[in-house]
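J.: following is a predicted model, sequence given first.
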Amino acid sequence: MRKWGTVITILYVLIVLGLLLPGAVFLAGGKSISLAAYKEWVVWIPIVIVLVSQALLLFLSVDTSWRRLKPRAHILVSCLVTATLLALLTGAGIFSLGVGVYGDHLGDHFSLGNGANVLGCWSALWVAWAVLFYFYCRNSIETITRATSWLLKGSILELLVAVPSHVLVRRRHDCSAPMATSFGIATGIAIMVLSFGPSVLLLYKKRLDEYANRGPSTK
């Protein structure tokens with residue numbers, strides 16, 4: 001199962017780097033997809049977040065060695081990873097909605113120039129989602145299943161905000177707003193695809209466990 005987890009992780013890396021990043025550049029108005037986008041360090045922050053989260057959720061879902069330890073440690077890691085992705089979705093959705101309403105003048109209504117403000121807001125979302133997910137899953141053994149369900153629903157909801165906002169800002173011929181909405185679309189698709197990895201592997205693991213529990217047939 002670990003080998004399949006590694007294969008799925010590698011495929012996900014290729015999808016994010018080979019399809020979603022160039023797609024986001026194209027949606028933002030880039031006429032050509034070049035290596036310049038890969039050289040921007042800011043671009044790698046959300047990429048690293050989703051890639052590391054994908055790997056963590058996959059190996060948490062197929063490795064049952066945590067059962068010999070305190071369940072609290074496993075739940076904590078799952079909560080932190082899920083909260084990180086949900087905070088990323090929430091932030092992208094709010095930002096897409098903001099530029100959809102105010103366009104390039106979003107900064108005139110909200111203080112976005114200070115990077116500490118953006119980081120502070122994202123951290124608050126991260127803490128809020130972590131606490132909410134912990135209380136929702138603390139008495140459940142199906143933490144990864146619930147996490148992927150939340151992420152799939154959250155990514156769909158975020159795309160329902162980001163896609164119409166992108167259409168609005170492109171029709172208004174805004175300058176920088178399409179960059180925000182294209183980031184929202186790419187983030188929503190990336191986390192939607194991410195949620196399928198652990199889900200598929202869990203289905204295989206469940207079927208293998210059923211075969212193991214059957215044992216030899218008796219006459």
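T.: Looks like it came in fine. Residues are numbered from 1 along each chain as shown.
J.: just for the protein, where's the confidence low?
T.: Across the chain, the ranges flagged by pLDDT under 70 are 1-2, 30-35, 60-74, 108-115, 199-219.
J.: same thing but 80
T.: Scanning the chain with the threshold set as pLDDT under 80 gives 1-5, 29-37, 58-74, 105-118, 139-142, 197-219.
J.: and the helices in it?
T.: With helices called from DSSP state H, the chain shows them at 2-15, 21-27, 41-62, 71-102, 106-109, 115-137, 143-171, 177-214.
J.: any chance of the ones you listed in TSV, with mean neighbour count too?
T.: Using the backbone N, CA and C atoms, a C-beta is placed for each residue, glycine as well. TSV is the format used below for the helices of the chain (neighbours: other CB atoms under 10 Å):
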stretch	mean neighbour count
helix 2-15	14
helix 21-27	19
helix 41-62	17
helix 71-102	20
helix 106-109	13
helix 115-137	15
helix 143-171	19
helix 177-214	19
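J.: and the spatially most central residue of the chain, how far from Ser53?
T.: In the chain, the C-alpha nearest the mean C-alpha coordinate belongs to Ile191, at 3.3 Å (CA atoms, centre = their mean). If you measure Ile191 against Ser53 using CB to CB, to the nearest Å, the figure is 8 Å.
J.: what do these two both touch?
T.: Leu85 (CB atoms under 8 Å, 6 or more residues apart in numbering).
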